[in-house]
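In: could you work out the structure for the sequence below:
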Amino acid sequence: MSDLKKSNHKGINYNSCLSSDKKTFIHTAFFESDEDQKLLNELPSFKYFQEQLKAGGFEVPPKQDLLTLVGSSTSIF
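Out: This is a model prediction of the structure:
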C-alpha cells in the first residue's frame, strides 16, 4: 500500500479489507486502463506480496473473482 500511495498513480484504486473473523482478507482493485493494471502487477512490492500469498499455507486457498463496477458513491478515478 505504501508503494501505491507513494506513486500517487490516479488510475489504480486498490483496497484491502479484513473480515470479522480476523483471518479473511478481501482485496479489490479497479483500473482505469490496462496499463494501470500492468503497473500494479509489475510493482516489486506487489510481486513480493503475491509470492508470499502463494507460499502462505492458508486454511482456504485464495480465490480470484473478476468484478465489474456498476456503481460507486464516489468517483474512483
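In: any weak-confidence spans in this protein?
Out: Scanning the chain for pLDDT under 70 picks out nothing.
In: which stretches of it form strands?
Out: In the chain, the strands defined using DSSP state E lie at 12-18, 25-31.
In: which among those strands is found nearest to E59?
Out: strand 25-31 (12.3 Å; Cβ to Cβ). C-beta here means a position set from N, CA and C on the backbone, and glycine is covered the same way.
In: just checking: what are the partner strands of that closest one?
Out: strand 12-18 (antiparallel) (DSSP bridges).
In: can you pull out the residues in contact with the strand it pairs with?
Out: By Cβ atoms under 8 Å, 6 or more residues apart in numbering, the residues outside strand 12-18 that reach it are 1, 4, 24-32, 36-37, 39-40, 76-77.
In: which ChimeraX command selects the buried ones in those residues?
Out: Per 16 or more other Cβ atoms under 10 Å, the buried members of the contacts of strand 12-18 correspond to this ChimeraX selection:
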select :4,29,30,31,36,39,40
